[in-house]
Each structure stands twice: as structure tokens, then as C-alpha cells.
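Engineer: Kindly generate the corresponding structure for this input.
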Amino acid sequence: MTRYFSYIFLMLTVFSCATKTAINTDTMIAETEKKVAEIDSNNQLKETLTEGALTDKKGFKDVGTFKYTVLFDEASNALFRIKNVEITDKTITETYYFSHNELIFIHSETSGEPDKKIVIKNKKVISRQHVTPEEEKLLLAKAHRFQKTFKKAHTFE
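Structural biologist: All right, here's what the predicted structure looks like:
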């Protein structure tokens with residue numbers, strides 16, 4: 001009889017924890033979406049634009065163009081958003097959002113494909129939509145490279 005009650009207690013514990021995890025993930029996604037909307041609507045941030053040509057792997061032939069915008073707080077050099085648009089035979093728009101110097105969200109749009117979305121919390125992916133593991137790895141690596149470039153350009157030592 002004691003085993004039976006122990007088993008029921010164990011099952012209740014497992015199910016109650018699983019429910020809390022789903023609620024916490026949903027809450028974190030909602031908080032991230034709210035933060036992204038705040039960043040997009042903040043008119044106090046400075047935006048810089050860089051444009052150029054995309055070349056083939058050898059660097060000789062132009063294959064398209066790019067526009068790269070950075071949104072940051074000029075006083076503190078806090079990074080909030082990096083938007084990278086690449087135009088070749090198709091247009092790819094990748095937007096990387098940051099809060100407190102940490103990547104929180106990636107949104108990638110490619111013409112003719114569903115939008116790719118990745119939500120990050122404490123350097124861990126907590127949600128993804130329409131993203132393969134390879135694409136996730138690539139987007140996270142690009143975000144890291146872009147952030148590193150920003151830090152290098154905005155650190156005065």
C-alpha cells in the first residue's frame with residue numbers, strides 16, 4: 001500500500017513539474033516578444049548603416065549587396081539590435097536582438113520561406129520555429145560574430 005502511494009506521489013510530482021516548465025517557457029517567450037517590441041519602438045537609440053557588395057568565395061565577383069544596421073545606446077554603447085539584409089538571387093533579412101549584452105532573439109526572413117525564429121534565454125535556446133539544427137548553429141554563430149564586431153568597434157581602451 002505504501003508503494004502505491006509513493007508511486008502516485010512520484011507521478012503527481014513529475015506531472016506538476018512538467019506543467020510548470022511549459023508555463024515558464026511560454027512566459028519567457030512572451031517576455032522576449034515584449035522586449036523585442038520595446039527595442040523596435042525605442043526612438044532614443046542610435047542607428048548606424050553600412051552597405052556594400054557581396055562577393056563570391058574568392059572575393060573577385062560581385063554576387064549581390066548587403067545592408068547592415070546596428071541599433072545601440074550611444075551613451076552606454078549597449079547593443080540592442082543588428083539587422084543584416086543580404087540581396088542576391090533572393091533576399092535574406094536576419095535580425096538579432098540583444099538585452100543586457102546577451103542575445104535574446106533571432107528572426108530570419110527569406111523570400112518564399114516561412115520565417116525562422118529562435119528565442120534565447122541565458123545563452124540557451126528555449127524555442128525555435130522553422131529552424132533546422134544546422135541553421136540554428138549558423139545563426140547563433142553569426143550573432144556571436146556580429147556582437148564581437150560591435151564590441152570591438154565600440155570599446156575604447
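Engineer: is Glu102 in a bridge, and if so with what?
Structural biologist: Ser99 (DSSP bridges).
Engineer: contacting residues around it?
Structural biologist: Counting by C-beta atoms under 8 Å, 6 or more residues apart in numbering, Glu102 touches 120, 122-123. All C-beta atoms are positioned from the backbone trio N, CA, C, and that covers glycine.
Engineer: could these go into TSV alongside neighbour count, distance to His107 and pLDDT?
Structural biologist: Listed next are those as TSV, based on neighbours: other C-beta atoms under 10 Å; distance: C-beta to C-beta, whole Å; pLDDT from 0 to 100:
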residue	neighbour count	distance to His107	pLDDT
Ile120	22	12	95
Asn122	8	19	89
Lys123	8	18	89
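Engineer: Show me where this protein has its helices.
Structural biologist: Applying DSSP state H to the chain gives helices spanning 2-41, 133-153.
Engineer: could you give the mean pLDDT of the longest one?
Structural biologist: Predicted confidence along helix 2-41 averages 72 (mean pLDDT).
Engineer: Where does the prediction get shaky in this structure?
Structural biologist: Low-confidence segments of the chain, defined by pLDDT under 70, are located at 1-23, 156-157.
Engineer: Give me the packing partners of the longest strand seen in it, helices and strands only.
Structural biologist: Longest strand in the chain, counting residues (DSSP state E): strand 62-73. Judged by 3 or more C-beta pairs under 8 Å, 6 or more residues apart in numbering; DSSP states H and E, the packing partners of strand 62-73 are strand 46-55, strand 78-87.
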